[in-house]
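Student: Starting from these lines, generate the structure:
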Amino acid sequence: MMANLFSIFEPSSSIFNLSTNWLSTFLGLMFIPYLYWASPSRWSLFWSKIIQTLHKEFKALLTPYHSGVSILFIALFSLIVFNNSLGLLPYVFTSSSHMVMTLSLSLPLWITLMIFGWVNHTKHMFAHLVPQGTPFVLMPFMVLIETISNIIRPGTLAVRLAANMIAGHLLLTLLGSTGPSLPLSILSILIFSQILLLILESAVAIIQSYVFAVLSTLYTSEIN
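Tutor: Okay, the predicted model is just below:
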């Protein structure tokens, strides 16, 4: 049962033993041409408003030295929100529900920040391992705790995004698989609950993209 249930996340379509399901990651590129129309469409105006709002918020979170990097986190948000939203459509492979995808986003970003911080701000990075006001006796333990919490950051970012995508898809699949065995009177309740759950998953797709981008921004702001 569990093997069949989790098989919805397994890439199945392939050409010459190369999985084609991962091409769904690039479906979001179809929305980009709308931004270059001579006459702005409603979609381009709506997305431009979102980008401007995110730029102002990320710029406020970042230090003035890193304020120009906000475009990176806007692009990261756009990639994740497109993948999460398109994954809710039927027969579209959700690449953001796999640790391979989420770790590929969080791990290089974290490694880059660590290299930049330790090379250019070594004293600050060492000082960050011991919070201000820590008693001398607890300093070794605080260094250990801060080091571990720093190391697991890319993992927590990746697991948070993948787990939320997996949980919603599994719940939708479980409820949908019970439909054929239900009487007609209960089937209408199931359909209504599925619609509510799909709306909730749409909100989760946006929220998790925003959380991923904001946490990445906060990690960047610590490197100053």
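
Student: show me what contacts residue 99?
Tutor: Going by CB atoms under 8 Å, 6 or more residues apart in numbering, residue 99 touches 158-159, 162. (Each C-beta comes from the backbone N, C-alpha and C, glycine too.)

Student: Report the buried residues of the helix or strand residue 199 falls within.
Tutor: If you go by DSSP states H and E, residue 199 is part of helix 184-221. For helix 184-221, the neighbour count (16 or more other CB atoms under 10 Å) marks 197, 201, 204-205, 208-209, 211-217, 219-221 as buried.

Student: same check, this time on stretch 49-64
Tutor: Applying a neighbour-count criterion of 16+ other CB under 10 Å, the buried positions in stretch 49-64 are 51, 54, 57-59, 62.

Student: just the CA coordinates of that stretch, formatted as PDB?
Tutor: Taking Å, rounded to 0.1, in the frame of the first residue of the first chain, the C-alpha atoms of stretch 49-64 are listed here in PDB:
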ATOM      1  CA  LYS A  49       3.700  44.100  -8.400                       C
ATOM      2  CA  ILE A  50       4.700  40.900  -6.600                       C
ATOM      3  CA  ILE A  51       8.300  41.300  -7.600                       C
ATOM      4  CA  GLN A  52       8.400  45.000  -6.400                       C
ATOM      5  CA  THR A  53       6.800  44.000  -3.100                       C
ATOM      6  CA  LEU A  54       9.300  41.200  -2.600                       C
ATOM      7  CA  HIS A  55      12.200  43.400  -3.500                       C
ATOM      8  CA  LYS A  56      11.300  46.000  -0.900                       C
ATOM      9  CA  GLU A  57      10.900  43.300   1.800                       C
ATOM     10  CA  PHE A  58      14.100  41.500   1.000                       C
ATOM     11  CA  LYS A  59      16.000  44.800   0.800                       C
ATOM     12  CA  ALA A  60      14.800  45.600   4.300                       C
ATOM     13  CA  LEU A  61      15.900  42.200   5.600                       C
ATOM     14  CA  LEU A  62      19.300  42.400   3.900                       C
ATOM     15  CA  THR A  63      22.200  44.600   5.100                       C
ATOM     16  CA  PRO A  64      22.900  47.600   2.800                       C
END
